[in-house]
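>>> below are the sequence and a predicted model; questions follow.
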Amino acid sequence: MNVTAQKRMAAEILKCGKNRIFIDPEYVDDVIMAITREDIRNLIQQGIIQKRQKIGISKYRNNLRKERKKRGRARGYGKRKGVTTARNPSKRAWINTIRPLRRELKELRDTGKIEKSVYRKMYLRAKGGSFKSVATLRRYLQEQKLIKK
């Protein structure tokens, strides 16, 4: 009842591994009698030898978790690994602060609300990290009376 050679040939013909070959237990005698590749091909056509489906890992639970995270669930402190800067890199945080500041400064300069010299000073201050947000920049400009009306 040894069908290893037949399994090997079937695996080569069906282009899969030996473990994925299924031989119908009722027709084992026929399979034992098959010694050529042509015999094996005929048995495959008859459905006596079949190729099993690949065993995979279900993504159902993963998809559910993804959906929940999209809605804001399962994102608490208990689910976090790594430092804050691992989840939100410091460079990205800096980019998110500096771009709006520079945009605001350019807008103020182009509309003539601040002079070029003030723009340059504020630009360098923003680069140095003096302003946390656009609101702090505006507040500073108003306090120092650098903004024109």
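Received, thanks. Everything numeric here is computed off the predicted structure, so don't read it as measured data. Residues are numbered from 1 along each chain as shown.
>>> what's the distance between Ala34 and Gln6?
The gap separating Ala34 from Gln6 is 6 Å, by Cβ to Cβ, to the nearest Å. The way it works is simple: take the backbone N, C-alpha and C, and place the C-beta from them, glycine included.
>>> sorry, that was for Gly112
Distance of Gly112 to Gln6, computed by Cβ to Cβ: 88 Å.
>>> who has more neighbours, the two?
Gln6 (22 against 8; other Cβ atoms under 10 Å).
>>> for Gln50, see how far away the closest residue to the more buried one other than its chain neighbours is.
What sits nearest to Gln6 in space, not counting adjacent residues and going by Cβ to Cβ, 6 or more residues apart in numbering, is Val31, at 5.2 Å. Separation of Val31 from Gln50 (Cβ to Cβ): 12 Å.
>>> looks to me like Lys106 is in a helix.
Yes. Counting by DSSP: H, G, I helix; E, B strand; the rest coil, Lys106 is part of a helix.
>>> give me the number of residues near the nearest residue to it once chain neighbours are set aside?
Leaving aside its chain neighbours, Lys106 sits nearest to Tyr119 (7.9 Å; criterion: Cβ to Cβ, 6+ apart). Residues lying near Tyr119 (other Cβ under 10 Å) number 17.
>>> any idea which helix or strand carries Tyr119?
Using DSSP states H and E, Tyr119 sits in helix 116-127.
>>> tell me what that helix is packed against?
Packed against helix 116-127 by the contact rule (3 or more Cβ pairs under 8 Å, 6 or more residues apart in numbering; DSSP states H and E) you find helix 90-111, helix 134-143.
>>> tell me if Phe22 really is in a strand.
Yes. Assessed by three-state DSSP, Phe22 belongs to a strand.
>>> with adjacent residues omitted, what lies nearest to it?
Gln50 (4.6 Å).
>>> and the one you found, helix, strand or coil?
strand.
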